[in-house]
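Student: following is a predicted model, sequence given first.
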Amino acid sequence: MDFKDSLTAFNAQKKGSFPEKGKVNTQISTLIFKHLKSSGIGSHWIENLDDHSMVVQKVKIIPLEVVVRNRIAGSLAKKMGKEEGLLLKKPLVEFYYKDDSLNDPFLSDDQVLAFELADAATITELKALALKVDQVLLQLFNSIKIDLIDFKLEFGTVKSGQVVLADEITPDGCRLWDQQTGEKLDKDRFRRDLGMVKESYLEILNRLKGIIK
Ligand code: UDP
């Protein structure tokens, strides 16, 4: 899996890049996959090939974006007319159909079943895995003084049929707010033209490097 220096938002309508982004995200995702592994959560990650690519298990991607939310932000804040940052009573797992031509629409569990994107057992498994990842990442980010607001995961099936965590976990697909300043240290800096995009990704990397060996 190769990590590029490009950056897109709003279904690739907004495009950008920054030098070394691929390298920074490779390191961030590697540290997170290693940490998840040491916490008993496997992923498709096997090893790194060079500084911008990793060897991963071959999987068939399940065409669902699995979003976990701890606090209200982004599309949920807009949909419900709520302020960003409000804590949810418990983490929320949502499914979106991974199809850019349709703008990745939200899907109910019944819609996932009706369109045979996953069966009932897989839905249950995806939710349980996503919540497990959330618990580990909440603790991890909390220890580096960052609030994990929400994030997106993708899963795939290996030959045996087992479901594994795939894709990447980086500031491209997570909302990460500094606990002290409230500053956003994720792709919202690019989406919302807040500047300091590279610096924010590097801040996440450096804090993670400080605690994951
Ligand atoms: N997300 C993502 N890819 C997508 C849509 C969302 O990685 O195609 C991530 C996003 O970075 C955020 C979380 O999923 O951490 C929830 O995103 P939301 O539904 O609020 O959408 P957005 O506001 O980004 O449109």
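Tutor: Ah, there it is.

Student: right, and residue 172 touches residue 7 too?
Tutor: Yes. Look at residue 172 against residue 7 with Cβ atoms under 8 Å: they come within range, at 7.2 Å. For the C-beta atoms, the positions are set from N, CA and C on the backbone; glycine is no exception.

Student: quick check: mean pLDDT of stretch 16-28?
Tutor: Average pLDDT, stretch 16-28: 98.

Student: what about that stretch, near the ligand?
Tutor: No. Stretch 16-28 lies apart from the ligand when judged by Cβ under 6 Å from any ligand atom; the minimum separation is 12.2 Å.

Student: ok, the residue in the chain positioned nearest to the ligand - how many residues close by?
Tutor: In the chain, the residue that lies nearest the ligand is residue 74 (2.2 Å; Cβ to the nearest ligand atom). Other residues near residue 74 come to 15 when the count uses other Cβ atoms under 10 Å.

Student: in terms of contact, does it touch residue 80 like I think?
Tutor: No. Residue 74 is not in contact with residue 80 according to Cβ under 8 Å; the separation is 11.1 Å.

Student: need the overlap of contacts for residue 172 and residue 7.
Tutor: residue 187 (Cβ atoms under 8 Å, 6 or more residues apart in numbering).

Student: and the chain, which residues reach the ligand?
Tutor: Proximity of the chain to the ligand (Cβ under 6 Å from any ligand atom) is limited to residues 65, 67, 73-76, 104, 150-152, 173-175, 187.

Student: all strands of this protein, in order?
Tutor: Here the chain has its strands, by DSSP state E, at 6-9, 14-17, 45-50, 53-56, 60-61, 64-71, 87-97, 106-107, 146-157, 163-166, 174-178.

Student: have a look at this protein and report its longest helix.
Tutor: Scanning the chain for the longest helix, with DSSP state H as the assignment, gives helix 120-143.
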